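J.: structure, please.
(2 chains)
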There are 2 protein chains.
Amino acid sequence: MEIERPYLLFLGDVPDALAAKTAIGIVDWRKDWCIGQVRLPGCAADTGLPDMSIADGAAAGARTFIIGAVNAGGRLPEHWIASVVEALEAGLDVASGLHIRLRDVPAIREAADKTGRQLHDVRHSTMTFDTGKGTKRSGNRILAVGTDCSVGKKYTALAMDKAMNDRGYTSSFCATGQTGVFISGRGVALDAVIADFISGAAEWLSPETDESHWQIVEGQGSLFHPSFAGVTLGLLHGSQPDGFIVCHEPTRTNMRGVKTPLPTIQQVIDKTIQCGRLTNPDIRCVGIAVNTTAYGEEEARAYLAKVSEEHGLPATDPVRFGMDAIVDKVSAEFGAP
Amino acid sequence: MEIERPYLLFLGDVPDALAAKTAIGIVDWRKDWCIGQVRLPGCAADTGLPDMSIADGAAAGARTFIIGAVNAGGRLPEHWIASVVEALEAGLDVASGLHIRLRDVPAIREAADKTGRQLHDVRHSTMTFDTGKGTKRSGNRILAVGTDCSVGKKYTALAMDKAMNDRGYTSSFCATGQTGVFISGRGVALDAVIADFISGAAEWLSPETDESHWQIVEGQGSLFHPSFAGVTLGLLHGSQPDGFIVCHEPTRTNMRGVKTPLPTIQQVIDKTIQCGRLTNPDIRCVGIAVNTTAYGEEEARAYLAKVSEEHGLPATDPVRFGMDAIVDKVSAEFGAP
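T.: Numbering: from 1, shown residues only, chains lettered A, B, ... in the order given. Below is the predicted model of the structure:
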């Protein structure tokens, strides 16, 4: 699934920025792929892109209308349908990360069939994959893993990709979740794949590449999360990382949405190595990325220094302190670019 | 998905018994649920059930026509479609474990819509599940795990279920694969579930039950198989077994279909305990089930004695020597019935 660019981002009339986090994530990382935003009256979110009508966006060259917001329940509100139909009729493809399939909405299906435009439901891939093979592929890979869900794995992978490129490596970001797919322009949400094909899809998402190239793979779930560990393990086996970064949120006590206690960073390192060895015997941890939002700057630095010393690994907050310490570690372990 | 009984088994015109292994598996374990078999001219498989026409089967009270055979490629041969339509028109539901969806065949869809009969595609569930919760449920569970795929996990679980009931426990078999679903009359093929819901589906398949009841859960894949370990881990977390049985095929050197070497039995025990503790801290191995087909009886007994001594656990071939040794271990660990 390749999503054509540039994008026109649709924010609907969502009541706050959180509901538009997909659009905001796209603008954070791929602002130059975006032409503008389309907002309905009452919309309280703002990506900072120019506001425009669908017609203006089409005239400016937009190729895909991205539903970059979500209402409560993940449904497509009745009054957003007209905007989707208008985008199709203006000649744009439409991409969505909602739980509902665009094609299941009759007015949208009819407009897509009439105009011949593509509908991309990244949560409902019709793609088929081979089962995973476990064979070593050329190129180098880094996977973000986590002590839990929603601890900054996507942000960490994107920041690492940017830092690697800034430091002279050639690197690309491999998306495994819906927002990530919009940011990479390619892929499927791994948690929406049929279970038999998780590792096969992960192999497809991080394919064979040049010996010098680095793929920075977005993580999913946690090996210690009782809801999603199967997805995490399939992704680990399929992406066969040479290095991994452990992402952590230090104020959390329970795994998200369940009563299971959070594992320690060391437990995540140990289990990732144990399991990852199946498809890459040389797998190693290259750093720890901590979301230190809850701490003041002093406290954050002290916490990271302690984590770094405890594990003998660089520890950073990607947002506050950047990824240079972890790129240094990659350089020391695997060589300069 | 509940599949109504009794069954009428359709064998088509397959060229050998292997192609009818679904039907043969059903008859091995649930002969009393089956009224007869329907075979087309040239069929070389035989379940031993009485041959009958579809009309005779319907008149004898059959409720579901089960496609119990598969041709090369897992497709539905063109000349089998008339039999499926005839079964629907005779008032039977139709169940299939083929890769193709029955509903995607126009003549079958039309006949089902016209007659109001159910089509069960156990590989393509339309069921929705919650994500796994990881909360401890009442009742007792035993899971079959394996050093590889296709090492006898289904057979072991069915034999254990039978032996537990024979020994005075109340026990039921929980299916996680297509043939198993026909044998239990309930369930979905776990490898066909959307990745996000693997452990949730496993929780649904082995629900809360009486404190004294045992659920014997069919295993899938292997934690060491690079194609399917994600499914295996989600099943382990969702089924939260109190005990597990390691299934092994001693002549195999590589994991099925890939180049990964086979793990040892001890590695499987250790990793199953490490991972299974997340949802059941008291998980323990209760025995080892070995497929000793390749050995003579003396050699098989010697091999099992060695495996048993090495691991301090009962080791048996379920087909040759039954499951009593492992039921004894369950009784010693968890109490008599």
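
J.: so which residues on the stretch 101-250 of chain A come close to chain B?
T.: Taking C-beta under 8 Å from any C-beta of the partner chain as the contact definition, the stretch 101-250 of chain A meets chain B at A:131-135, A:190-196, A:198-200, A:224, A:226-235, A:237-238. All C-beta spots, glycine's among them, are computed from the backbone N, C-alpha and C.

J.: can you flag the buried ones in these?
T.: A:131-134, A:190-196, A:198-200, A:224, A:226-235, A:237-238 (16 or more other C-beta atoms under 10 Å in any protein chain shown).

J.: where's the closest residue to A:Ser171 other than its chain neighbours, which helix or strand?
T.: Excluding the flanking residues, the one nearest A:Ser171 by C-beta to C-beta, 6 or more residues apart in numbering or on different chains is A:Met164, at 3.8 Å. For A:Met164, the element it lies in under DSSP states H and E is helix A:153-166.

J.: what of A:Ala87?
T.: Assigned by DSSP H and E, A:Ala87 falls in helix A:81-89.

J.: just the buried residues of that helix, please?
T.: In helix A:81-89, counting by 16+ other C-beta under 10 Å, buried: A:Ile81, A:Ser83, A:Val84, A:Val85, A:Glu86, A:Ala87, A:Leu88.

J.: now the closest residue to A:Gly68 other than its chain neighbours: which helix or strand?
T.: Among residues not flanking A:Gly68 along the chain, A:Ala23 sits closest, at 2.7 Å (C-beta to C-beta, 6+ apart). In the assignment (DSSP H and E), A:Ala23 maps to helix A:21-30.

J.: what does that helix rub up against?
T.: A:7, A:9-11, A:17, A:33-34, A:37, A:45, A:47-49, A:66-70, A:97, A:154, A:158, A:162, A:178-179, A:182-183 (C-beta atoms under 8 Å, 6 or more residues apart in numbering or on different chains).

J.: picking up where we left off before, ok, residues contacting the helix holding A:Ala87?
T.: Contacts to helix A:81-89, defined as C-beta under 8 Å, 6+ apart, come from residues A:8, A:10, A:12, A:38, A:40, A:54, A:58, A:65, A:67, A:76, A:94, A:102, A:105, A:107-108, A:111-112, A:114-115, A:117.

J.: please list only the buried members of those.
T.: Buried among the contacts of helix A:81-89 (16+ other C-beta under 10 Å): A:8, A:10, A:12, A:38, A:40, A:54, A:58, A:65, A:67, A:76, A:94, A:102, A:105, A:108, A:111-112, A:115, A:117.

J.: so which of those residues belong to helices?
T.: A:Ile54, A:Ala58, A:Ile108, A:Ala111, A:Ala112, A:Thr115 (DSSP state H).

J.: ok, the last one to chain B distance?
T.: Right, the one you point to is A:Thr115. Distance, A:Thr115 to chain B, by C-beta to the nearest C-beta, to the nearest Å: 26 Å.

J.: got it, and the second one?
T.: The spacing between A:Ala58 and chain B, counted by C-beta to the nearest C-beta, is 34 Å.

J.: pLDDT value on that residue, please?
T.: At A:Ala58 the predicted local distance difference test score is 98.

J.: contact partners for the nearest residue to it once chain neighbours are set aside?
T.: Distances taken as C-beta to C-beta, 6+ apart put A:Ala90 closest to A:Ala58, at 3.9 Å, once the chain neighbours are dropped. Taking C-beta under 8 Å, 6+ apart, we find A:Ala90 in contact with A:Ile54, A:Ala55, A:Gly57, A:Ala58.

J.: show me what contacts the second one?
T.: It stands for A:Ala55. Neighbours of A:Ala55 in contact, by C-beta under 8 Å, 6+ apart: A:Ala90.

J.: returning to that earlier point: identify the residues contacting the helix holding A:Met164?
T.: Contact partners of helix A:153-166, identified using C-beta under 8 Å, 6+ apart, comprise A:25, A:29, A:142, A:144-146, A:171-174, A:177, A:179-180, A:183, A:214, A:216-220, A:245, A:247, A:289, A:318-319, A:322-324, A:326-327, A:330.

J.: count of residues packed around A:Glu298?
T.: By other C-beta atoms under 10 Å in any protein chain shown, 8 other residues sit near A:Glu298.

J.: now do it, the pLDDT please.
T.: We have a pLDDT of 97 for A:Glu298.

J.: can you pull out the strands in the stretch 101-250 of chain A?
T.: Here the stretch 101-250 of chain A has its strands, by DSSP state E, counting those that start in this stretch, at A:119-121, A:140-146, A:170-174, A:213-217, A:243-248.

J.: closest one to A:Glu297 among the ones you listed?
T.: Between A:Glu297 and the strands of the stretch 101-250 of chain A, the shortest gap by C-beta to C-beta is with strand A:243-248, which sits at 18.1 Å.

J.: give the buried residues for the helix or strand just after that closest one.
T.: For strand A:243-248, the following helix or strand on the C-terminal side (DSSP H and E) is helix A:265-276. The neighbour-count check on helix A:265-276 (16+ other C-beta under 10 Å) flags A:Ile265, A:Val268, A:Ile269, A:Lys271, A:Thr272, A:Cys275, A:Gly276 as buried.

J.: next one: helix A:265-276 to chain centre, how far?
T.: Centre-to-centre, helix A:265-276 and its host chain are 21 Å apart (C-alpha atoms, centre = their mean, to the nearest Å).

J.: what's the model's confidence in it, averaged?
T.: 98.

J.: quick one: list the elements packing against it.
T.: strand A:140-146, helix A:229-239, strand A:243-248, strand A:284-290, helix A:297-311, helix B:265-276 (3 or more C-beta pairs under 8 Å, 6 or more residues apart in numbering or on different chains; DSSP states H and E).

J.: so which of those gets nearest A:Thr209?
T.: strand A:140-146 (8.3 Å).

J.: elements contacting that closest one?
T.: helix A:153-166, strand A:213-217, helix A:229-239, strand A:243-248, helix A:265-276.

J.: just the C-alphas of it, formatted as CSV.
T.: This file holds the C-alpha atoms of strand A:140-146, laid out as CSV (Å, rounded to 0.1, in the frame of the first residue of the first chain):
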residue,chain,number,x,y,z
ASN,A,140,20.8,-3.2,9.3
ARG,A,141,17.8,-2.8,11.6
ILE,A,142,16.9,-1.1,14.8
LEU,A,143,13.6,-1.8,16.6
ALA,A,144,11.9,0.3,19.3
VAL,A,145,10.5,-1.9,22.0
GLY,A,146,8.8,-0.9,25.2
